[in-house]
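>>> turn this into a structure:
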Amino acid sequence: KVQKIGPTAGKQSSHSHVYSPFILDRLESGSTYEVFIEPVNEHGIGQPSSRQVFRTTSKSLEAALDQVSEHHYDQAQCCEKSGVRPQCLSLCSYNASSFQIDRLVDGGCQDDFSKIVRCATGGRDHLPCCAKRGVAKECQPLCQAVHQQSSGAELAACLPALGQIFQCYEEGTASLPPPVRDLKAISVSDDKVFLAWKAGDVGKTAHYEVFYRQTTNLEEDTEVFNSDKQVNSKMPFVKIAGLETGKMYRFFVVARNDKGTSLPSSIVTLNVSSAAYNTNQKNGATSPPHQLELDSRSSTWLEFTWNPPAISHPEDVLLYRIHFVAVNASSASDMITAESELTTARILNLKPATQYAVYVTSVIVRNETRIESNPSVKMLAWTDPVLPAHVEVRIMRNNKLQGRSASMVIGRNSVDTIKEWGSMTVLCIATGLPVPRVIMSINGVELHSQVTRYMVTVVHNVTKDVDLVSCFATNGYGGAMVATKKVTISRAPTISAPMTTSVMLGDTMTVKCKIDAFPAPKLTIFRDKDLTEGVTENSRVSITA
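Take a look at the predicted model:
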């Protein structure tokens, strides 16, 4: 709860359902406020905290501070270049409100979060600032523009720390050197490499640090920032000698000043050999996508997710290539490639019960040029085997299935008889791979269709015309399966009979009554309308049913 107490008193306002840290906005400049917090749970309101009094700065002081802290980094322009969707560009600001940040979780901007974080960091290394401000270790990768979508720095888990993280972003982009870009190998000989790059803001850069080491195709995702050796340069180029001929090396560059360093923006990986190096320049690419995981699968498709590359320039437009091939393929030429702008992809039209090798690369898109990274860790995954569809039908009076006790409810309440005008629950329980399409019908008329293994349909106002309830299942493999159950509708007796019957004296009179009921009713015949003189079977009267 907040109340203005100076220079004039104001009304007390409250903010409910808030969590630490919380940013108070829309305050008046040059004013004094009192604030305190009350804990709330389902049992009520607890004792208030101690009261804090603070004063907001005046507008003239705010303007002076803004002028002192002014810097030329344009986060919104970076977001536009990297492909952030227009409806999410409002999040590309260090002044984004907590309401706007909530849109990252449930406002449809989750797919842009990696791009927004890359632009917010501005290619600077904010890790020392985040550690000083107490950001939890699991969220500190965000301070280096590493957004873990499947593990690690998860967005929802790190929302409480975004205030400290964004404050480090804003301070760091004003003081730390910007990243280099367009790193490339100009020439390569048997033991030397000549690297060059484009500098950022030269005035904020004291020197450049070039990190390199030998590499193999068996590197782990966690080794992307590892390096064995380092050389420094005050110019945007360097010659590195004394390398082993015929070995693979990887290089990246960061800028440094007295405040800290930038992040590496690209990696050059090459074979140090005149014979292996052609006349084309070797351009720097992003690091490989990491933490490739199988998310779900079926008999004919596999769905994968992965995390964006840890090393990339904030303004890079990235897309991803998914490479896959059946392990039993006759040659490497059978490799198939698909592209995605998202960090998830579903590979369709696969063969059932087949093992596939899958890896992902990231691609920098610059006009007509595309620069592809090294492959991610290769994953082997099986598609599900094919099983023909099978289906069973169950009918219940009780339509309330509850959690783990559902199987007990089904076994206890499965019935063949339903009360007229009542309700019945039809369960179609199917098996098969791929998951079959299940159709429920009554007397041959389709009522419900769904691709599922367990379909529940509640039928209200059941009439006596209901006779056959059927569940049909097919998945395209083997023949279709049909399960049918005959249903009897219990109902009160209805009688139809002639109102009057004429007969000649001495003749035999026959009276026919048609009765509809279930279960079978007890039949009694009376001579009078008051139902007092019953008719019993004797030598003159015969009753049959």
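
>>> strands of the stretch 401-545 of the chain, residue ranges please.
417-419, 424-433, 437-442, 445-451, 454-459, 468-474, 481-486, 488-496, 514-518 (DSSP state E, counting those that start in this stretch).

>>> quick one: which of these is nearest E315?
Closest approach to E315 among the strands of the stretch 401-545 of the chain is made by strand 445-451 (42.5 Å; CB to CB). (Each C-beta comes from the backbone N, C-alpha and C, glycine too.)

>>> quick one: that closest one to strand 424-433, angle?
40 degrees (axes from the mean of the first three to the mean of the last three CA atoms, to 10 degrees).

>>> quick check: buried residues in strand 445-451?
For strand 445-451, the neighbour count (16 or more other CB atoms under 10 Å) marks 448, 450 as buried.

>>> contacts for that strand next, please.
With contact meaning CB atoms under 8 Å, 6 or more residues apart in numbering, strand 445-451 is reached by 435-441, 455, 457, 459.

>>> could you rerun that using 6 Å?
435, 437-440, 457 (CB atoms under 6 Å, 6 or more residues apart in numbering).

>>> make JSON lines from the strands of the stretch 401-545 of the chain and add distance to P385 to it.
JSON lines is the format used below for the strands of the stretch 401-545 of the chain (distance: least, CB to CB, whole Å):
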{"stretch": "strand 417-419", "distance to P385": "39"}
{"stretch": "strand 424-433", "distance to P385": "6"}
{"stretch": "strand 437-442", "distance to P385": "19"}
{"stretch": "strand 445-451", "distance to P385": "18"}
{"stretch": "strand 454-459", "distance to P385": "20"}
{"stretch": "strand 468-474", "distance to P385": "17"}
{"stretch": "strand 481-486", "distance to P385": "18"}
{"stretch": "strand 488-496", "distance to P385": "40"}
{"stretch": "strand 514-518", "distance to P385": "46"}
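
>>> TSV please, covering these and showing distance to D111 and mean pLDDT.
Formatted as TSV, the strands of the stretch 401-545 of the chain follow (distance: least, CB to CB, whole Å; pLDDT from 0 to 100):
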stretch	distance to D111	mean pLDDT
strand 417-419	49	87
strand 424-433	30	91
strand 437-442	30	95
strand 445-451	26	92
strand 454-459	31	92
strand 468-474	35	95
strand 481-486	40	93
strand 488-496	53	88
strand 514-518	59	87
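
>>> can you give me the helices for the stretch 301-450 of the chain?
406-413 (DSSP state H, counting those that start in this stretch).

>>> how about low-confidence regions in it?
398-414 (pLDDT under 70).

>>> restricting to C-alpha, output the longest helix along the chain in PDB.
Selection of the longest helix in the chain by residue count, based on DSSP state H, yields helix 162-175. Extracted in PDB, the C-alpha atoms of helix 162-175 (Å, rounded to 0.1, in the frame of the first residue of the first chain):
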ATOM      1  CA  LEU A 162      14.300  -9.600 -14.400                       C
ATOM      2  CA  GLY A 163      14.400  -6.200 -12.600                       C
ATOM      3  CA  GLN A 164      18.000  -6.700 -11.500                       C
ATOM      4  CA  ILE A 165      18.900  -8.200 -14.900                       C
ATOM      5  CA  PHE A 166      17.500  -5.400 -16.900                       C
ATOM      6  CA  GLN A 167      19.100  -2.800 -14.700                       C
ATOM      7  CA  CYS A 168      22.500  -4.500 -15.500                       C
ATOM      8  CA  TYR A 169      21.500  -4.500 -19.200                       C
ATOM      9  CA  GLU A 170      20.900  -0.700 -19.100                       C
ATOM     10  CA  GLU A 171      24.000   0.200 -17.200                       C
ATOM     11  CA  GLY A 172      26.200  -2.200 -19.200                       C
ATOM     12  CA  THR A 173      25.200  -1.100 -22.700                       C
ATOM     13  CA  ALA A 174      26.200   2.500 -21.700                       C
ATOM     14  CA  SER A 175      29.700   1.600 -20.400                       C
END
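
>>> hmm, who's touching that helix?
Contacts of helix 162-175 (CB under 6 Å, 6+ apart): 21, 69, 71, 73, 94, 101, 120, 122, 124, 126, 129-130, 133, 135, 142, 259.

>>> in the residues you listed, which residue is surrounded by the most others?
Counting neighbours by other CB atoms under 10 Å, R124 leads the contacts of helix 162-175 with 32 neighbours.

>>> show me the contacts for the closest residue to that residue other than its chain neighbours.
Ranked by CB to CB, 6 or more residues apart in numbering and with sequence neighbours excluded, the top spatial neighbour of R124 is L176, at 4.0 Å. L176 is in contact with 124, 259-260, counting by CB under 6 Å, 6+ apart.

>>> export the residues you listed to CSV and tack on pLDDT, distance to A161 and secondary structure?
Below are these laid out as CSV (pLDDT from 0 to 100; distance: CB to CB, whole Å; DSSP: H, G, I helix; E, B strand; the rest coil):
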residue, pLDDT, distance to A161, secondary structure
R124, 92, 18, strand
K259, 90, 22, coil
G260, 92, 20, strand
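
>>> show me which of these is closest to T417.
For the contacts of L176, the nearest to T417 is R124 (74.2 Å; CB to CB).

>>> residues near the nearest residue to V511 once chain neighbours are set aside, how many?
Using CB to CB, 6+ apart and skipping residues adjacent in sequence, the residue nearest V511 is T501, 5.9 Å away. T501 has 10 neighbours, counted by other CB under 10 Å.

>>> look at T501 and report its pLDDT.
At T501, the model reports a pLDDT of 83.

>>> from T536, how far out is the closest residue to E533 other than its chain neighbours?
Nearest non-adjacent residue to E533, counting by CB to CB, 6+ apart: R527, 4.1 Å away. Distance of R527 to T536, given as CB to CB, to the nearest Å: 11 Å.

>>> any chance of the contacts of L176 in a markdown table, plus distance to N232?
Converted to a markdown table, those look like this (distance: CB to CB, whole Å):
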| residue | distance to N232 |
| --- | --- |
| R124 | 19 |
| K259 | 17 |
| G260 | 15 |
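
>>> show me which pair in the contacts of helix 162-175 is furthest apart.
I101 and K259 (26.3 Å).

>>> what about the nearest residue to P236 once chain neighbours are set aside, distance to A206?
Leaving aside its sequence neighbours, P236 sits nearest to A199 (CB to CB, 6+ apart; 4.5 Å). Computed as CB to CB, the A199 to A206 distance reads 12 Å.

>>> okay, these two: which has more neighbours?
Between A199 and A206, A199 has the larger neighbour count (other CB under 10 Å), namely 17 against 12.

>>> picking up where we left off before, and the gap between the residue nearest to P236 and A480?
A199 is 68 Å from A480, by CB to CB.

>>> quick one: low-confidence ranges for the stretch 51-200 of the chain?
Looking along the stretch 51-200 of the chain with the criterion set at pLDDT under 70, you get 59-71, 97-107, 148-156.
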